[in-house]
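> Quick one, fold the following:
(one chain, ligands or ions: 2)
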Amino acid sequence: MDSVESSDQRRATVSQREQWMVQDQVFQIYDIFANIPHKTRTLMLELQRDNHIEYLTRGLKQLSSSFVVLDANRPWLCYWILHSIALLGESIDYELENNVIDFLKHCQDPNGGYGGGPGQMPHLATTYAAVNSLITLGGRRALSSINRGKLYAFLRGMKDPSGAFRMHDAGEIDVRACYTAISVASILNILDDELIKGVGNYILSCQTYEGGIAGEPGSEAHGGYTFCGLAAMILINEANRLDLAGLLDWVVFRQGVECGFQGRTNKLVDGCYSFWQGGVFALLKGLHSVDGEHVALSDAEEGDSATDGTSEGEDGNSLETDETCHIKQGVGDGEMAPLFHSVALQQYIILCSQEQEGGFRDKPGKARDYYHTCYCLSGLSVCQYSQSKDEHSPPLPRAVLGPYSNLLEPVHPLYNVVLKQYQEAHEFFSSQSTS
Ligand SMILES: CC(C)=CCC/C(C)=C/CC/C(C)=C/COP(=O)(O)OP(=O)(O)O
Ligand SMILES: [Zn+2]
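Ligands and ions are numbered 1, 2, ... in the order given. Next comes the predicted model:
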């Protein structure tokens, strides 16, 4: 049997066994939840705000006191922690804020871009993390610390003759590099035709037969890269060149019976895909509403009104745990109907990814970390606002699983920064020249 099995089949078999184990664990949690008294159920659905803030602030203080430690991840840690705190509607104290700004200044290369630590080679991923961190902090000191003229030169230096971007000097070309370059250029108001040229062709060449987007041509479609590819295509105004119906088809099937998302076919669900895949739905929803124009989602939108699988319980927002996540396909009145089961995803995030003592994890049995905390909270916010008409309408109570006090700040899905912080940055950089 082994000798005739392809590596894909082997992966599917291993993954199937792991999947049953994860499903067992998740369904046990949902069983407990379904069989406990209503009062306890409400408590289980509560976002542990104070514990999250405590966990995040402790992490930032530790990071701030050990900014000298040599590793290449520190701007990312800043972003994951600061963005999580901002999503929870909190801020950090003045001294800590200044420490972070000073640290990121030291990561800024004299020729533009940010490295993983002081003196390290500038890299597109840490540049994205540093810029998003400073925008999340907001205020003149943070925003004006970014040398946009030099950053533009760095971006131009990372551009390959094909039009795609390299992660760093002589580094790999991929969709992540294209997204991070375009995202920082756009949010800093330095995006121009020279940076855009050829990016669309490269991303198009990464869309696979499954409909999702891979990291590079010929690789497998993955949620992380699908988010990056779609967001970059929207930012350069070329989203309609993608097979959007195929992309939508791929992403709707990534939500599993566990209610969370997997990153790719035959793999396990993981809390971080709540944003990478959930964010794709937020982007598609935004596309749909651009100037009231319909984008090419036509195949997927022509279905009849169908159930979204949600059934209201005493809270008005609980769901049947034995239901899989049905996708509503269209209501026929020009409005975007739910494309994923956002209440089910909130259930996975809160009951399976949340650590009661603070922080979030990939799945039950795994340890919490700042990456999963950031992307579980980002995904939770996307879910809560997924049915809102626009950024000014607060979500209805039934769109928010658990008490309404679980409501997070809304994000700008193209950049994954809190909307208010994006607006401040947009205003600030609209009035600045790069020289
Ligand atoms: C902005 C930016 C830098 C975005 C990065 C996007 C992102 C998360 C890309 C995913 C990379 C990848 C192929 C992970 C697979 O890991 P795995 O095999 O451990 O996980 P899996 O089993 O869930 O696929
Ligand atoms: Zn993960």
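> Verify the contact between R141 and I101 for me.
Yes. At 5.9 Å, R141 counts as touching I101 under the criterion of CB atoms under 8 Å. In this view, the C-beta of every residue, glycine as well, is placed from N, C-alpha and C.
> Name the residue in those two with the higher neighbour count.
Legend: neighbour count by other CB atoms under 10 Å for R141 and I101, higher for I101 (18 against 14).
> how many other residues sit next to the residue lying closest to that one once chain neighbours are set aside?
Spatial nearest neighbour of I101, excluding adjacent residues (CB to CB, 6 or more residues apart in numbering): A142 at 5.2 Å. The number of residues packed near A142 is 21, by other CB under 10 Å.
> repeat for G365
G365: 10 neighbours (other CB under 10 Å).
> hang on, the earlier thing: hmm, the residue nearest to I101 is touching A130, no?
No. Counting by CB under 8 Å, A142 stays clear of A130, with 10.5 Å between them.
> Flag every residue of the stretch 201-350 of the chain that's near ligand 2.
By CB under 5 Å from the ion, the residues of the stretch 201-350 of the chain that approach ligand 2 are 270, 272.
> make it 8 Å
Within the stretch 201-350 of the chain, the positions near ligand 2 by CB under 8 Å from the ion are 263, 270-273.
> so after the helix or strand encompassing T42, what's the next helix or strand?
Assigned by DSSP states H and E, T42 belongs to helix 38-44. Under the assignment DSSP H and E, the closest C-terminal helix or strand after helix 38-44 is helix 49-65.
> closest point of the protein to ligand 2, which residue?
Going by CB to the ion, ligand 2 is nearest to C272 of the chain, at 3.3 Å.
> ok, that residue - contacts?
Remark: with contacts taken as CB atoms under 8 Å, 6 or more residues apart in numbering, C272 is in contact with 362, 371-372, 375-376, 379.
> Ligand 2 next: which of the residues you listed are close?
Within those, those near ligand 2 by CB under 8 Å from the ion are 362, 371-372, 375.
> From those residues, which land in helices?
371-372, 375 (DSSP state H).
> Now rank those residues by neighbours and give me the top one.
For those, the largest neighbour count, defined by other CB under 10 Å, is 28 neighbours, found at Y375.
> That residue touches S274, doesn't it?
Yes. Contact between Y375 and S274 holds when scored by CB under 8 Å: they sit 6.5 Å apart.
> follow-up on the earlier one: list the buried residues for the helix holding T42?
R41 (16 or more other CB atoms under 10 Å).
> chain center to it, what's the gap?
28 Å (CA atoms, centre = their mean, to the nearest Å).
> which of the residues of the stretch 201-350 of the chain next to ligand 2 sit farthest apart?
Across those, no pair lies farther apart than G263 and G271, at 11.1 Å, counting by CB to CB.
> out of those two, which sits in the more crowded spot?
Neighbours of G263 and G271, each counted by other CB under 10 Å, are more numerous for G271; the result is 28 against 21.
> Can you give me the separation between the more buried one and G278?
Distance, G271 to G278, using CB to CB, to the nearest Å: 11 Å.
> Give the residues shared as contacts by these two.
G379.
> Can you measure across stretch 381-391, start residue to end residue?
When the termini of stretch 381-391 are compared using CA to CA, to the nearest Å, they are 12 Å apart.
> ok, is it in contact with ligand 2 or not?
No. For stretch 381-391, no contact with ligand 2 is found by CB under 8 Å from the ion; the gap never falls below 15.7 Å.
> swap in stretch 17-37?
No. Judged by CB under 8 Å from the ion, stretch 17-37 stays clear of ligand 2, getting no closer than 12.8 Å.
> so how many other residues sit close to the residue in the stretch 1-150 of the chain positioned nearest to ligand 1?
Going by CB to the nearest ligand atom, ligand 1 is nearest to A125 of the stretch 1-150 of the chain, at 4.9 Å. When neighbours are counted by other CB under 10 Å, A125 registers 20.
> Can you name the next helix or strand after the helix or strand where it lies?
In this assignment (DSSP H and E), A125 forms part of helix 124-137. As assigned by DSSP H and E, the chain's next helix or strand after helix 124-137 is helix 140-143.
> residues in the chain within reach of ligand 1, list them.
Applying CB under 6 Å from any ligand atom, we find that the chain lies next to ligand 1 at 125, 128, 176, 179-180, 222, 224-225, 228, 263-264, 267, 270, 276.
> mind putting these in JSON lines, secondary structure included?
What follows is these, written out as JSON lines (DSSP: H, G, I helix; E, B strand; the rest coil):
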{"residue": "A125", "secondary structure": "helix"}
{"residue": "Y128", "secondary structure": "helix"}
{"residue": "R176", "secondary structure": "helix"}
{"residue": "Y179", "secondary structure": "helix"}
{"residue": "T180", "secondary structure": "helix"}
{"residue": "H222", "secondary structure": "coil"}
{"residue": "G224", "secondary structure": "helix"}
{"residue": "Y225", "secondary structure": "helix"}
{"residue": "C228", "secondary structure": "helix"}
{"residue": "G263", "secondary structure": "coil"}
{"residue": "R264", "secondary structure": "coil"}
{"residue": "K267", "secondary structure": "coil"}
{"residue": "D270", "secondary structure": "coil"}
{"residue": "W276", "secondary structure": "helix"}
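> Pick out whichever of those sits closest to ligand 1.
G224 (2.1 Å).
> if you skip the residues just before and after it, what's nearest to the closest one?
W276 (4.9 Å).
> So for the helix or strand harbouring D31, mean pLDDT?
Following DSSP H and E, one finds D31 within helix 7-35. Averaged across helix 7-35, the pLDDT comes to 86.
> Please state the offset of that helix from the chain centre?
24 Å.
> Give me the below-cutoff pLDDT ranges for the stretch 201-350 of the chain.
289-337 (pLDDT under 70).
> and what of the stretch 1-150 of the chain?
Residues of the stretch 1-150 of the chain that meet the criterion pLDDT under 70 lie in 1-8, 11-12, 14, 66-70.
> one more time with 80, if that's ok
For the stretch 1-150 of the chain, applying pLDDT under 80 flags the ranges 1-15, 65-70, 72.
> Thanks a lot, see you next time.
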